[in-house]
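> Curious how this folds, go ahead:
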Amino acid sequence: MPRVIYKGVVIAESDNTIVVEGNHYFPPDAIKREYFQPNSMHTTCAWKGVASYYDIVVNGDVEQGAAWYYPEPSKAASQIKDYVAFYRNKVEIET
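Numbers count the residues shown, from 1 in each chain. Alright, predicted model coming up:
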């Protein structure tokens, strides 16, 4: 089962991820919300739309902008609406 670990704590896991461009997108109910804080950063993908970001916070350690999601994706990316992906260089991802 794919899962995401930060500072030794599992912060997301699911058998129902969607892989897009090599990234596992986790369903919204698969993330442990207590470790996620909204970040004001946004980026734009030409085909997916505007991404929003989360900071990951575990035991006082903060990894800024470590996770992203598309609250209003383009029609082409509608299957990943609100699904959460993670930067591999900021967290550990087991697949």
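> which residues of the chain fall in strands?
Along the chain, counting by DSSP state E, strands occupy 3-6, 9-13, 18-20, 23-25, 36-45, 49-58, 61-69, 84-86, 92-94.
> Give me the buried positions along the third one.
Judged by neighbour count using 16 or more other Cβ atoms under 10 Å, the buried positions of strand 18-20 are V20. (C-beta placed from N, C-alpha, C; glycine too.)
> Measure how far it is from the centre of its chain, please.
Relative to its parent chain, strand 18-20 has a centroid offset of 11 Å by Cα atoms, centre = their mean, to the nearest Å.
> That one pairs with which strands?
Paired strands of strand 18-20, with direction, are strand 23-25 (antiparallel) (DSSP bridges).
> which residues make contact with the strand it pairs with from outside it?
P2, T17, I18, V19, Y69, I80, Y83, V84, A85, F86, I93, T95 (Cβ atoms under 8 Å, 6 or more residues apart in numbering).
> now with 7 Å?
P2, T17, I18, I80, Y83, V84, A85, I93, T95 (Cβ atoms under 7 Å, 6 or more residues apart in numbering).
> my guess is the fourth one meets Y70, correct?
Yes. Counting by Cβ atoms under 7 Å, a contact exists between I80 and Y70, whose distance comes to 5.8 Å.
> Looking at the contacts of strand 23-25, spot the one nearest T43.
Minimum distance to T43 across the contacts of strand 23-25 is 12.0 Å, recorded for A85 (Cβ to Cβ).
> which residues does that closest one contact?
For A85, the contacting residues are N23, H24, Y25, A67, W68, by Cβ under 7 Å, 6+ apart.
> which of the residues you listed sit farthest apart?
It's H24 and W68 that sit farthest apart of these, by Cβ to Cβ, at 12.3 Å.
> Contacts only, for the residue lying closest to G65 once chain neighbours are set aside.
Residue nearest to G65 in three dimensions, not counting chain neighbours: Y53, with 4.6 Å by Cβ to Cβ, 6 or more residues apart in numbering. Contacts of Y53 were listed using Cβ under 7 Å, 6+ apart, and they are N39, M41, G65, A67, W68.
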